[in-house]
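Novice: Fold the following and give me the result.
(one chain, ligands or ions: 1)
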Amino acid sequence: MSYLISGARVVDPQVDLDRVAGVLVGDDGRIAAIDPSDDEVRAADPVVIDGHGQVLVPGLFDMHVHFRDPGQEYKETIAGGVRAAAKGGYTDVATMPNTTPVCDTGTVVTYQLQKAAEANLARVHPIGALTMGERGEQLAEIGDMVQAGACAFSDDGHGVQYAGIMRTVMDYVKQFDRVVISHCQDDSLVGKGVVNEGVVSTRLGLAGWPAQGEEIHIDRDIQLSELTGCAFHAAHVTTAAGVEMVRAAKERGDDVTCEVCPHHLFLCEDDITDAYDTNFKMNPPLRTAEDARALREALCDGTIDCLVSDHAPHATHEKQVEFERAPFGIVGLETELPLVLTHLVNPGLMTWQRLVEVTAVNPRRRCRLDPVRIEVGGEATLTLVNPHDPFTVTEDFLAGSAHNTPFIGARLDGRASHAFVCGHAILMDGKVAC
Ligand SMILES: [Zn+2]
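Specialist: Alright, predicted model coming up:
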């Protein structure tokens, strides 16, 4: 199938492109022409998509999601997860390895790739575990997983508690030219903490999860990256001080990057009320309003490299329990782009170029994937975004299996309308293609 996306503003800073142009997608899944001639259009006989008022960007890539498959398919499957991704306009996702069993061998990587190929929507790039079972004791089969197609390594969901183990892991991962993604959490400080330690934990009578429990590991892992030369990426940073550590490391020339989630940008601890809504429980927790402001600035100024959802599906009954007992995490693939459009891009706080960098360019570079550029001959992996298409987030809007998000009822400005993976339509007019 050939497509002509006409009249859209096309933005791709990788090729210095920012203008209204027609983009012709050939039936070989590649970009056949930009501003095609009448003859080229006639020969291709494409399906025409009216892009007026919309913005066409390289396909979005979320490098931090949890799809629960294998082992906890009652929460979400890979087939369901890639539906959520497509709905959000994401052509690619990287899945965290805390499945059951943990993705710590090439066999699990292969299984996940096969399931994703069968679903044939967004592409899945498995992240392998750093240590066996994410127990933080013994190296996982990193070489085996690289061969099977793992794009990066992480024990996400758990901090690696011992510096010596993390050093060994980094020494090893460096040999494969992959990045270590660290879930920064010192268990001896965090304990059973469920919300940020401070005024709100005191007011609500909930155990506190102190900012230092995160920052000490960010600082440690930056130092270990300097010691080993291994590329280091801090997952879901939440505090102003943590971001400052990353900023300083970059100024020293370290191979250090980080990411942020929409809930840490646009919510804060004050949003947790005495309703004890468990959809405000995530790990790391919502921090202060001042932290959220610092994160928004750092995302816009280039200190934070990537926007990720930390999409974490749970079954409804699991969240319908006391706050302390509920599992951490919320879904986010479907609302991630609309939230950033509404709060940063449309108000003029973030440029479209910057949006493309944090959602498409930097995550691919960090996960060692080939770049996706809007150029003739390039793979037609594209997202068409309607920035002014107001809607209210409802459970029906969510395309994955789970509905655990605090953004139900939110009124948002815009969303993805179409998405293509190598010319294969996965989202058409806001609907998941199959
Ligand atoms: Zn994590």
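
Novice: What sits closest to Ala85 if chain neighbours are left out?
Specialist: In space, not counting the residues next to it along the chain, Ala85 is nearest to Ala122; the distance is 3.7 Å by CB to CB, 6 or more residues apart in numbering. Every residue, glycine included, has its C-beta placed from N, CA and C.

Novice: Quick check: that neighbour touching Ile426?
Specialist: Yes. With contact defined as CB atoms under 8 Å, Ala122 counts as touching Ile426 (6.3 Å).

Novice: what's near enough to touch the residue in the stretch 101-250 of the chain that the ion sits nearest to?
Specialist: Closest to the ion within the stretch 101-250 of the chain is His183: 3.7 Å, counting by CB to the ion. Counting by CB atoms under 8 Å, 6 or more residues apart in numbering, His183 touches 154-159, 235-236.

Novice: end-to-end on stretch 141-158?
Specialist: Taking CA to CA, to the nearest Å, stretch 141-158 runs 18 Å from one end to the other.

Novice: near the ion at all, it?
Specialist: Yes. Applying CB under 5 Å from the ion, one finds stretch 141-158 touching the ion at Asp156.

Novice: Now do the buried residues in that stretch.
Specialist: Within stretch 141-158, the residues that qualify as buried are 141-142, 144-146, 148, 150-158, counting by 16 or more other CB atoms under 10 Å.

Novice: now that stretch, how far from the centre of its chain.
Specialist: Taking CA atoms, centre = their mean, to the nearest Å, one finds stretch 141-158 lying 17 Å from the centre of the chain it belongs to.

Novice: Spell out, range by range, the helices that occur in the stretch 51-200 of the chain.
Specialist: 78-88, 106-119, 142-148, 163-174, 187-190, 199-204 (DSSP state H, counting those that start in this stretch).

Novice: How many neighbouring residues does His64 have?
Specialist: Using other CB atoms under 10 Å, His64 has 28 neighbouring residues.

Novice: Tell me who's in contact with it.
Specialist: Contacts for His64 (CB under 8 Å, 6+ apart) come out as 94, 96, 156, 181, 235-236, 259, 261, 308-311.

Novice: Mind checking which of those are in strands?
Specialist: Mapping the contacts of His64 onto strands (DSSP state E) picks out 94, 181, 259.

Novice: how about the residues you listed in CSV, adding distance to Glu334 and pLDDT?
Specialist: Listed next are those as CSV, based on distance: CB to CB, whole Å; pLDDT from 0 to 100:
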residue, distance to Glu334, pLDDT
Ala94, 17, 98
Ile181, 23, 98
Glu259, 18, 98
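
Novice: Which one of these sits in the busiest neighbourhood?
Specialist: Using other CB under 10 Å as the neighbour test, the ones in strands among the contacts of His64 are led by Ile181, with 30 neighbours.

Novice: where's the residue of the stretch 301-434 of the chain found nearest the ion relative to Ala294, distance?
Specialist: Ranked by CB to the ion, the top residue of the stretch 301-434 of the chain for proximity to the ion is Asp310, at 6.3 Å. Per CB to CB, to the nearest Å, Asp310 is found 19 Å from Ala294.

Novice: and those two? which has more neighbours close in?
Specialist: Taking neighbours as other CB under 10 Å, Asp310 and Ala294 compare with Asp310 leading, 29 against 22.

Novice: residues contacting the closest residue to that one other than its chain neighbours?
Specialist: Among residues not flanking Asp310 along the chain, Cys261 sits closest, at 4.8 Å (CB to CB, 6+ apart). For Cys261, the contact set (CB under 8 Å, 6+ apart) comprises 64, 236, 282, 307-310, 332.

Novice: if you set the cut-off to 6 Å instead, what comes out?
Specialist: Going by CB atoms under 6 Å, 6 or more residues apart in numbering, Cys261 touches 236, 308, 310.

Novice: same thing with Asn346?
Specialist: Contacts for Asn346 (CB under 6 Å, 6+ apart) come out as 387, 413.

Novice: ditto for Thr273
Specialist: Contacts of Thr273 by CB under 6 Å, 6+ apart: none found.

Novice: How about the secondary structure of it?
Specialist: With DSSP: H, G, I helix; E, B strand; the rest coil as the basis, Thr273 sits in coil.

Novice: Could I get the pLDDT score of it?
Specialist: Thr273 carries a pLDDT value of 94.

Novice: Could you measure from it over to Gly329?
Specialist: Thr273 is 19 Å from Gly329, by CB to CB.

Novice: Could you do Leu341 as well?
Specialist: Per CB to CB, Leu341 is found 23 Å from Gly329.

Novice: and if you look at His311?
Specialist: Counting by CB to CB, the gap between His311 and Gly329 amounts to 8 Å.

Novice: Which one of those two is surrounded by more residues?
Specialist: His311 (31 against 22).

Novice: ok, that one touching Glu334?
Specialist: No. Assessed by CB atoms under 6 Å, His311 is found out of contact with Glu334, at 8.8 Å.

Novice: Now do the same for Cys434: its pLDDT.
Specialist: Cys434 is assigned 73 on the pLDDT scale.

Novice: same question but for Gly302, I mixed them up
Specialist: What the model reports for Gly302 is a pLDDT of 97.

Novice: who in the stretch 101-250 of the chain is up against the ion?
Specialist: 156, 183, 235.

Novice: all strands for the stretch 1-150 of the chain, in order.
Specialist: Secondary structure of the stretch 1-150 of the chain by DSSP state E, counting those that start in this stretch: the strands cover 3-12, 17-25, 31-34, 47-50, 55-58, 60-65, 90-95, 123-128.

Novice: Tell me the helices and strands packed up against the longest one.
Specialist: Going back to what we said before, that points to strand 3-12. If you count contacts as 3 or more CB pairs under 6 Å, 6 or more residues apart in numbering; DSSP states H and E, strand 3-12 packs onto strand 17-25, strand 47-50, strand 55-58.

Novice: mind redoing it with 10 Å?
Specialist: Strand 3-12 sits against strand 17-25, strand 31-34, helix 38-44, strand 47-50, strand 55-58, helix 352-356, strand 382-386, strand 415-421, with contacts defined as 3 or more CB pairs under 10 Å, 6 or more residues apart in numbering; DSSP states H and E.

Novice: so for the fourth one, what's the average pLDDT?
Specialist: Averaged across strand 47-50, pLDDT comes to 98.

Novice: Let me have the contacts of His64 in JSON lines, adding distance to Asp396 as columns.
Specialist: Shown next, in JSON lines, are the contacts of His64 (distance: CB to CB, whole Å):
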{"residue": "Ala94", "distance to Asp396": "27"}
{"residue": "Met96", "distance to Asp396": "27"}
{"residue": "Asp156", "distance to Asp396": "30"}
{"residue": "Ile181", "distance to Asp396": "33"}
{"residue": "Ala235", "distance to Asp396": "31"}
{"residue": "His236", "distance to Asp396": "28"}
{"residue": "Glu259", "distance to Asp396": "29"}
{"residue": "Cys261", "distance to Asp396": "23"}
{"residue": "Val308", "distance to Asp396": "25"}
{"residue": "Ser309", "distance to Asp396": "19"}
{"residue": "Asp310", "distance to Asp396": "23"}
{"residue": "His311", "distance to Asp396": "18"}
